[in-house]
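>>> Structure of the sequence below:
(one chain, ligands or ions: 1)
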Amino acid sequence: MTPATATSPKPETAAPVLELRGVTKTYRVKQGLFGKARPLTAVNDVSISLPRGEVLGLVGESGCGKSTLAKILLGLESPTAGQVLVDGQEIGAQDRMTLARRIQPIFQDPYSSLNPRKSIFDIVSLPLRVHRIGDAASWDKEVRKILDIVGLPARVMNTFPSQMSGGQRQRVAIARALIMKPEIVICDEPTSALDVSVQSQILNLLGDLRREFGLTYLFISHDLAVVEHLATRVAVMYLGRIVEEAEVGGLFDHARHPYTQALLKSVLTPEPGLGVPDTQLGMAYPNPIDPPSGCHFHPRCPKATEFCKATAPRALPTPLGHVECHLHDPTGPMFIGKEG
Ligand code: SF4
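Residues are numbered from 1 along each chain as shown. Predicted structure coming up:
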């Protein structure tokens, strides 16, 4: 097998491989049996541009809209507004089969994402069989090759997920995603269900595969430490909005948004592998059906003022990204200066 762009690089195009333009997703949600349906905006006017071969780390707490965004990218949900483009083509204009060949997911829990009644061969070869690519002989060959690439011996082909460790199962999930030679892989918390020692092995494997096959990842995580390991850019999400985006070094060295700063501090808490960052922000994450006024982060922000409660910040350009916070708006009353 020759996955992705290893031996047949695609020509450089001006368009990024993945682009989101003003993507919004709103649901109608009923509270209680007789409650009136109210709008819940899970993703709010998100714009992202991802060049080929890059890794965008998408970070935020549970409920911030990360998983909804992943579903939109996988064609499992349609945006209420905005556009998603792959290689400059809107995904709404591509059928599900075509999209599945270009974008593949790796999910958080290798225990539930693999069918326990199917052999590893059946699981890994399924995308080829669904898409009618090759025949029985080629499936055997392709599965052996991809298992070798992800570091599993061919003998596991006839075993079942229950006979494998968590790390081995996640390698199987990666093999299943890559056998389609996708351009983009959506990694949705792919290491958070694994032991800490196995996490780094899977992260290293994903990094190696990206370099070898020119893959582009959207890497979703609640854990900035994990994202720092792999990402080239980072987007921080809060209540459906990207509140800060930057090249990875810039964000870790000079986080501008108070929420990003809180997430960075949470990385340093004594038990970073617990699954939810302890942001030390005091208040619980707000209910997205009833978002706070003005800047949605103001009830938890240590730097909030009355102005923040009344006025939503706008997206402001930074040297390698953007930030949404009045502290960085040179035209507003809270500006703290260029280097703030
Ligand atoms: Fe905090 Fe105000 Fe900035 Fe929002 S706009 S992050 S409340 S300082």
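>>> and the stretch 201-340 of the chain, which of its residues are near the ligand?
For the stretch 201-340 of the chain, the contact set with the ligand under Cβ under 6 Å from any ligand atom comprises 257-258, 295, 297-298, 301, 303-304, 308, 313, 325-327. The way it works is simple: take the backbone N, C-alpha and C, and place the C-beta from them, glycine included.
>>> mind redoing it with 8 Å?
Within the stretch 201-340 of the chain, the positions near the ligand by Cβ under 8 Å from any ligand atom are 243, 257-259, 294-298, 301-305, 307-309, 313, 324-328, 334.
>>> of those residues, buried ones?
If you count burial by 16 or more other Cβ atoms under 10 Å, the buried members of those come out as 243, 257-259, 294-298, 301, 304-305, 308, 313, 324-328, 334.
>>> Can you name the residues that contact the closest residue to Asn158 other than its chain neighbours?
If you skip the residues right next to it in sequence, Asn158 has Ser119 as its closest partner in space, 5.7 Å away by Cβ to Cβ, 6 or more residues apart in numbering. The neighbours of Ser119, taking Cβ atoms under 8 Å, 6 or more residues apart in numbering as the test, are 157-160.
>>> circling back: among the residues of the stretch 201-340 of the chain next to the ligand, which lie within strands?
For these, membership in strands holds for Val243, with DSSP state E as the criterion.
>>> just checking, Phe219 touches Glu54?
No - with contacts defined as Cβ atoms under 8 Å, Phe219 does not count as touching Glu54, sitting 10.3 Å away.
>>> Among those two, which residue is more densely surrounded?
Between Phe219 and Glu54, counting by other Cβ atoms under 10 Å, Phe219 is the more crowded of the two (27 against 20).
>>> quick one: what helix or strand has the more buried one in it?
Per DSSP states H and E, Phe219 falls inside strand 216-221.
>>> That strand pairs with which strands?
Strands flanking strand 216-221 in the sheet, each with its direction: strand 55-59 (parallel), strand 184-188 (parallel) (DSSP bridges).
>>> which helix in this protein runs the most residues?
Ranked by residue count and defined by DSSP state H, the top helix of the chain is helix 196-213.
>>> and that helix, which residues are buried?
Residues of helix 196-213 classed as buried: 198-199, 201-203, 205-206, 209-210, 213 (neighbour count, 16+ other Cβ under 10 Å).
>>> helices or strands up against the helix or strand Ala262 falls within?
Secondary structure here is read from DSSP H and E; on that basis Ala262 sits in helix 258-267. With contacts defined as 3 or more Cβ pairs under 8 Å, 6 or more residues apart in numbering; DSSP states H and E, the packing partners of helix 258-267 are helix 224-230, strand 233-238, strand 241-247.
>>> what comes up buried for the next helix or strand after the last one?
When you say that, I think you mean strand 241-247. Note on strand 241-247: by DSSP H and E, the next helix or strand toward the C-terminus is helix 248-253. Along helix 248-253, these residues count as buried under the neighbour rule (16+ other Cβ under 10 Å): 248, 250-252.
>>> and if you look at stretch 136-145?
So stretch 136-145, judged by 16+ other Cβ under 10 Å, has buried residues 139, 142-144.
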